[in-house]
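Trainee: Predicted model and sequence follow; I will ask about them next.
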2 protein chains.
Amino acid sequence: MEVVECELARVLINDRSDQQIIVLREKGGARSFPIMVGIFEALALDRKLKNRRMPRPLTHDLVENVLRELGGTLRRVTVSDLRENTFFAVLEISVDGRTVCVDARPSDGIVLAVSAGVPIFVAKGVLDEAAVQSGDSFGIDEGPAPFSAPEEPEEE
Amino acid sequence: MEVVECELARVLINDRSDQQIIVLREKGGARSFPIMVGIFEALALDRKLKNRRMPRPLTHDLVENVLRELGGTLRRVTVSDLRENTFFAVLEISVDGRTVCVDARPSDGIVLAVSAGVPIFVAKGVLDEAAVQSGDSFGIDEGPAPFSAPEEPEEE
């Protein structure tokens, strides 16, 4: 699978909407595309970007803790497919000298990639298709990426 | 740590509230106590109880998938502590013949326990303290456990 390294360009959070938007942008390129995600995943991503540690592990922190305690290391996240308007992603994890791939939604994958500081790749075919579909309207010529999130309640 | 096996007695979901309630009840006993959880975790628990499979792995499914792909098996979940009104839990995971413990919120732990069909334990001291605090008002004499959840939007 030919892949292109991308970076997270934007996280647009609107707490009055069921669908939030994250934008991936080709690294060193001009193409970008949006992925619709849930509010929970968008807020988790926002927390990771802002390096906000919560007193107790939230669910994405739990994924990281389980991964680490079982001896795994996240190497990279790849948005691997786009089928019927649904993006698919794969976590590449090293464990005991081998590589394990775990199916994930891109939202969860990107939260984990940002948190671990590992690269995000997108299959070339997916980028070709998605960037065309979005008409490049989420491009890089709109200034720095705005990240915004509403306050959220504490839990437990 | 002396523990008491408990079971999930209730999940009370009110989508107009930031705090949802799950109730654990002593197995074969009369004592029970509530734990406040977030809406995301309560909905995840509700889905697991109703055996609703989503087309794509949600975040708790991802925890399970990472756990399985790394060779781990969840054995049990224990609500291990109660400090400053916050409950703590531990996932006990078998991997390569050894046991690994992972810190978790009880909400995440109970979602995973219900999904995997493994027992839920509560430290005796926690049960003693929490059941007294709640005045046993979440007892078993109110008929069968009602599980209710609002409809939720699809994601991605």
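Mentor: All right, it came through fine.

Trainee: any idea which residue sits dead centre in chain A?
Mentor: A:I110 (2.0 Å; CA atoms, centre = their mean).

Trainee: show me the contacts for A:L67.
Mentor: A:L67 is in contact with A:T73, A:L74, A:I93, B:V66, B:L70, counting by CB atoms under 8 Å, 6 or more residues apart in numbering or on different chains. Using the backbone N, CA and C atoms, a C-beta is placed for each residue, glycine as well.

Trainee: one more time with 6 Å, if that's ok
Mentor: Neighbouring residues of A:L67 by CB atoms under 6 Å, 6 or more residues apart in numbering or on different chains: B:V66.

Trainee: what separates it from A:K124, distance-wise?
Mentor: A:L67 sits 27 Å away from A:K124, taking CB to CB, to the nearest Å as the criterion.

Trainee: rewinding a little: which phi and psi does the residue nearest to the centre of chain A have?
Mentor: phi -70, psi -40 (degrees, to the nearest 10).

Trainee: And the one helix or strand A:L91 maps to, what's buried?
Mentor: Element membership for A:L91 (DSSP states H and E) is strand A:86-95. Within strand A:86-95, the residues that count as buried by 16 or more other CB atoms under 10 Å in any protein chain shown are A:T86, A:F87, A:F88, A:A89, A:V90, A:L91, A:E92, A:I93.

Trainee: So in that sheet, which strands flank that strand, and in what orientation?
Mentor: Strand pairing for strand A:86-95, using DSSP bridges, gives strand A:73-83 (antiparallel), strand A:98-104 (antiparallel).

Trainee: will you turn those into JSON lines that also has mean neighbour count and mean pLDDT?
Mentor: Below are the strands paired with strand A:86-95 laid out as JSON lines (neighbours: other CB atoms under 10 Å in any protein chain shown; pLDDT from 0 to 100):
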{"stretch": "strand A:73-83", "mean neighbour count": "19", "mean pLDDT": "98"}
{"stretch": "strand A:98-104", "mean neighbour count": "16", "mean pLDDT": "98"}
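
Trainee: tell me the helices in chain A, going along the chain?
Mentor: A:39-49, A:59-69, A:106-116, A:124-133 (DSSP state H).

Trainee: quick check: angle from the third one to helix A:59-69?
Mentor: Put plainly, it is helix A:106-116. Helix A:106-116 runs at 60 degrees relative to helix A:59-69, counting by axes from the mean of the first three to the mean of the last three CA atoms, to 10 degrees.

Trainee: Is helix A:106-116 positioned near chain B?
Mentor: Yes. Using CB under 6 Å from any CB of the partner chain, helix A:106-116 reaches chain B at A:D108.

Trainee: Show me what that helix is packed up against.
Mentor: The contact analysis (3 or more CB pairs under 6 Å, 6 or more residues apart in numbering or on different chains; DSSP states H and E) places helix A:106-116 against helix A:39-49, strand A:73-83, strand A:86-95.
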